[in-house]
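K.L.:
next comes the sequence, and after it the predicted model I'd like to discuss.
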Amino acid sequence: MTTPNTASRRSLGEWWSNLSRPQQWLVLIPVVALVYLLPVLNPPIISTEPGFDFQIAMFEVARYALVAIGLNVVVGQAGLLDLGYIGFFAIGAYVAALFTSPDSPLQKLPFLAVIPLAMAITMVFGIILGTPTLRLRGDYLAIVTLGFGEIVRLVADNVDPLRGQSGFQGVGHPPGTNDEGGALFNNTDGTPWYWLTVTVIIAVLFLVGNLERSRVGRAWIAIRDDEDAASIMGVNTFKFKIWAFVIGAAIGGLSGALYAGQIGFVNNQKFDVVTSMLFLAAVILGGSGNKVGVILGAVVVAYVPLRFLVIAEYKFLIFGVALIVLMIFRPQGLLGARQRLLTYGRLAYQRLLGKGEQVSSDTALVTEKNGGAR
Amino acid sequence: MFLAQEDSWIKFDLGALGDQFWNSTVEGLSQGSIYALVALGYTLVYGVLKLINFAHSEVFIYGAYATWFVFYGLGFRPGATPDLPVMELIGFVLLALVAAMAVSGGTAVALERVAYRPLRKKGAPRLVFLITAIGASFVLQQLIFIWRGGNAEQAIRLLRPQEVFELFGASVTNITIIIVVASILMMVGIDMFVNRSRLGRGIRAVAQDPDTATLMGVNKERVIVLTFLIGGLLAGAAALLYMMKNPQGASYQGGFLLGIKAFTAAVLGGIGNLRGALLGGLLLGLAENYGQSLFGGEWRDVVAFVLLVLILMFRPTGILGESLGKARV
C-alpha cells in the first residue's frame, strides 16, 4: 500500500531509521489516513472498476495483508515453513460460521465475541499441530503442515455437522446500521470491512512489532538463523517455535473469521492447498521476515488479479513463474528482511571506532544452509 | 452437541473390515505399487539432492496425459472398451508406455534444467529449493489447466478388467496382476541398476558425499540429471499403470493427491531408500484401503494424511531409514 519502491530501498530504509520518532509519526499519519481513505477516493488508475467492486477488492487486499502478516510470523520470523496456513484460516472461518450462522445448531453469539473465540480456538489448534510436529525441520515440517491443511479441508468435507458443500449461510457481522437503516457491515459494501481490517492490521502490526523487539522476537531470529546454535546458547527453541506457531495461527483464525463475516457464507470449497500456496507466495514475494515487504507481497497477490481481470485466470501460473524467477534472482523477496537486532551492535561499534560496520541485510531464507530434517 | 451425533458422521466398522479384508488387500497392493513407483522418483531425488521435488506429482500427471493422448491419437474414443487382438493391445500399450515415459522423463529433466540448476549454481539453501519446487508445481499444473480446462479427461480404456482368479473370495483382475507385476519388475530393475551398474554407483556416490564424489571424478551434474530422468521415467510408467486402473485419472489436479501419497509412501519406507519406497508404497496402499473399509470411503485420504503426520512425528527416517547415501559393505 504505502511501500517505498525497491530501487531506493536501502536509502529509504536508512532515511526512515534516521528520523526521530515524532518525525516518523509526521510521515506515518498522512500515509495511514490515505490508506483509510482509499475505498472512498477510488482513485482512477488504481480502481478495479468496472470489472470488480473496488471496495470489496480493497477488503480482499487487506485480508491478504493480514494473512501475510500472520504467516510472516511463522515463516519469516521463526523460519518455519508452513504450507498449511489455510487450515488455521479455515478453522477461524468455521468457528465464525458455527457460532453465528442460523444454519448451525450451536448457541449464537455476537460476531464481536466470536472473533476472540475464533482466535482462541485456532491457537489451541496451533498448539495441537505444533507440539508434536515442531521437532521436524525444513522440508519435513512443510509437508506435515501441508498434511494438516488437507486434513482440515477433508474434515470440513466429510463431517456432517460442518455441512460440506452446502455450507453455512448468513454468517454474522459486527453491529451497526448505515444511513438507509440496513446493516453497516453487509456483504456488498466492502468499505466498513476494509476499515475494520485495516484497524485490525494496525493493531496486529503493533503487537507483532513489539513481540519482534522483545526476547521472543530475538529468539525467533536466532532459531531462524541457526536452530542448533540458538539451542546451545540456551534458547528454548521448542517453546519459541510454539509461540510463533500459536501467534501465527491466531492471526490466521482472525482473518478467517473476518473473511467469513464479509462473505457471509462458509463452505468447504475455499480452503484448498492452492490458496495456502497463494498465502505463502504473498509472504515470499514480498520478502519474508519484513513486515512492510509481506504487506507489499499481499497487495500484489490479492490486487493484481482483481485489477487485471484478464489475467485472473492465469494468476496461479503467474505466481508460480514469479516464485521460480524470484528464487533464482532474489531469494530474499522484493524487500528482504532487515536485521534490526544488529542495530544496537552496530551503534556500539560506531561509537567505539567512529565508523560503520558492514552487516548483511539478507537473511530470511538465505541462512538455513544445511538444516537437517531430523 | 456434535458428540451426540458422533456415530452418524464417522463410522467405525470392524465388520466391514473383516468382510472386505481380502478385497482391500488386493486393491491396496495394486494401488500401493503405483505409489511405490512414483515414490521412487521422490526418493532418488531426495537421496541425491536432499530436495523434496514437489513438482514430481506434475511430472507424473504429464505422463498420464501422454497416455491419454496416445490412446486418443490411435483413434480410441471414450466409451466402450474395444475388443483388440492381444498382440495389437500389447503394441498399443507399449507405445503409450514409451510416450508416457518420454514425456514424464522429459518434464523431469526440463524441470531440473530450468528451475533447480540455476539454484544449485548459486548454492541456494534448501528452503529456496522447496519454494522453487512449489512454484514449478504451480506452473506445470496451470499449463495443463489452461490447455485442457478444469475437467478430467474422459476415460479411455483399452483393456477391460477381467477376473483371472479368486483369492479368498477377492477377485484378482488382469489389470491388478499387470500393475503389481510390472511395478515390482521395474523396481527390481532400478534397484539392480543403482546397486550394480557403474552409473548407479555414481548416484550412490553423489548421494553419500557430493564433494568427494566430484573429486573422485564423478560428474555430479550428469548424475543429478540422471536421477531426475530415472524418476521421471518411472513416474511415466506409473502413469500408464494408473491410467489402466483409473482411466478417468488425467486431470490437472490429479497429480497432487497421488504425489502427496507417493511422498508419504517414500517417507514411510525411509526417504532416500529404494527398497523403502516399495515397502512404503505397498503399506500405504494397504493402510488406505483398510482404513477405507473401516471408516468409510470419504475418509480414505484422511487416513493417508494422518499416516503421513504420524510417521514424520515418530519415525521421520521411515521404517528402513535412509540408505541411498550409506556405504554398503
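P.N.:
Cool, the structure landed.

K.L.:
point out where the stretch 51-200 of chain B drops to low pLDDT.
P.N.:
Filtered on pLDDT under 70, the stretch 51-200 of chain B yields no residues whatsoever.

K.L.:
tell me the buried residues in whatever helix or strand B:Asp301 lives in?
P.N.:
If you go by DSSP states H and E, B:Asp301 is part of helix B:300-314. If you call a residue buried by 16 or more other C-beta atoms under 10 Å in any protein chain shown, then helix B:300-314 has these buried ones: B:Arg300, B:Asp301, B:Val302, B:Val303, B:Ala304, B:Phe305, B:Val306, B:Leu307, B:Leu308, B:Val309, B:Ile311, B:Leu312. Bear in mind the C-beta positions are built from the backbone N, C-alpha and C, glycine included.

K.L.:
just the residues you listed that are near chain A?
P.N.:
Restricting those to those touching chain A (C-beta under 8 Å from any C-beta of the partner chain) yields B:Asp301, B:Val302, B:Phe305, B:Val306, B:Leu308, B:Val309, B:Leu312.

K.L.:
A:Pro39 reaches A:Met58, doesn't it?
P.N.:
Yes - if you go by C-beta atoms under 8 Å, A:Pro39 and A:Met58 touch, sitting 4.7 Å apart.

K.L.:
got any residues that touch both of those two?
P.N.:
Taking C-beta atoms under 8 Å, 6 or more residues apart in numbering or on different chains as the contact rule, A:Pro39 and A:Met58 both touch A:Gly190, A:Thr191, A:Tyr194.

K.L.:
neighbours of the second one, how many?
P.N.:
Spelled out, that is A:Thr191. 20 (other C-beta atoms under 10 Å in any protein chain shown).

K.L.:
of A:Pro39 and A:Met58, which one has the most company?
P.N.:
A:Met58 (29 against 24).

K.L.:
okay, and that one sits in which element?
P.N.:
helix A:54-72.

K.L.:
downstream of that helix, the next helix or strand is which one?
P.N.:
Once helix A:54-72 ends, the next helix or strand along the chain (criterion: DSSP H and E) is helix A:85-100.

K.L.:
for A:Ala62, list the residues it contacts.
P.N.:
Neighbouring residues of A:Ala62 by C-beta under 8 Å, 6+ apart: A:Tyr194, A:Thr197, A:Val198, A:Ile201.

K.L.:
just the buried residues of these.
P.N.:
When these are checked for burial by 16+ other C-beta under 10 Å, the buried set is A:Tyr194, A:Thr197, A:Val198, A:Ile201.

K.L.:
tell me which of the contacts of A:Ala62 fall in helices.
P.N.:
A:Tyr194, A:Thr197, A:Val198, A:Ile201 (DSSP state H).

K.L.:
got any ranges where the stretch 201-329 of chain B has weak pLDDT?
P.N.:
B:322-329.

K.L.:
one more time with 90
P.N.:
Counting by pLDDT under 90, the low-confidence segments of the stretch 201-329 of chain B come to B:201, B:203-214, B:216-222, B:243-261, B:263-277, B:289-329.

K.L.:
in it, which spans are helices?
P.N.:
Assigned by DSSP state H, counting those that start in this stretch, the stretch 201-329 of chain B shows helices spanning B:210-215, B:220-245, B:254-269, B:274-295, B:300-314.

K.L.:
which of these sits most buried?
P.N.:
Comparing the helices of the stretch 201-329 of chain B by mean neighbour count (mean count of other C-beta atoms under 10 Å in any protein chain shown), helix B:254-269 ranks first with a mean of 27.

K.L.:
list the contacts for the residue nearest the centre of chain A?
P.N.:
What sits nearest the mean C-alpha location of chain A, by C-alpha atoms, centre = their mean, is A:Ala68, with 2.0 Å. Neighbouring residues of A:Ala68 by C-beta under 8 Å, 6+ apart: A:Phe279, A:Ala282, A:Val283, A:Gly286, A:Val294, A:Ile295, A:Gly297, A:Ala298, A:Val301.

K.L.:
how close does it get to chain B?
P.N.:
Between A:Ala68 and chain B the computed distance is 15 Å (C-beta to the nearest C-beta, to the nearest Å).

K.L.:
do A:Leu154 as well
P.N.:
A:Leu154 sits 5 Å away from chain B, going by C-beta to the nearest C-beta.

K.L.:
that residue sits in which helix or strand?
P.N.:
Per DSSP H and E: helix A:138-158 holds A:Leu154.

K.L.:
what mean pLDDT does that helix have?
P.N.:
For helix A:138-158, the mean per-residue pLDDT is 86.

K.L.:
may I see the buried residues of it?
P.N.:
Residues of helix A:138-158 classed as buried: A:138-158 (neighbour count, 16+ other C-beta under 10 Å).

K.L.:
so the one helix or strand A:Trp25 maps to versus helix A:54-72, what angle?
P.N.:
Using DSSP H and E, A:Trp25 sits within helix A:21-41. Computed by axes from the mean of the first three to the mean of the last three C-alpha atoms, to 10 degrees, the angle separating helix A:21-41 from helix A:54-72 equals 140 degrees.

K.L.:
and helix A:21-41, what does it pack onto?
P.N.:
helix A:54-72, helix A:190-213 (3 or more C-beta pairs under 8 Å, 6 or more residues apart in numbering or on different chains; DSSP states H and E).

K.L.:
strands of chain B, start to end?
P.N.:
Taking DSSP state E as the test, the strands found in chain B are B:163-167, B:170-173.

K.L.:
now these as TSV including mean neighbour count and distance to chain A?
P.N.:
Listed next are the strands of chain B as TSV, based on neighbours: other C-beta atoms under 10 Å in any protein chain shown; distance: least, C-beta to the nearest C-beta, whole Å:
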stretch	mean neighbour count	distance to chain A
strand B:163-167	11	31
strand B:170-173	17	26
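
K.L.:
thinking again about what came up before, and the pLDDT at the residue nearest to the centre of chain A?
P.N.:
The per-residue pLDDT reported for A:Ala68 equals 94.

K.L.:
not counting its neighbours along the chain, what's nearest A:Val274?
P.N.:
A:Phe316 (6.5 Å; C-beta to C-beta, 6 or more residues apart in numbering or on different chains).

K.L.:
B:Gly123 - how many residues pack around it?
P.N.:
B:Gly123: 8 neighbours (other C-beta under 10 Å).
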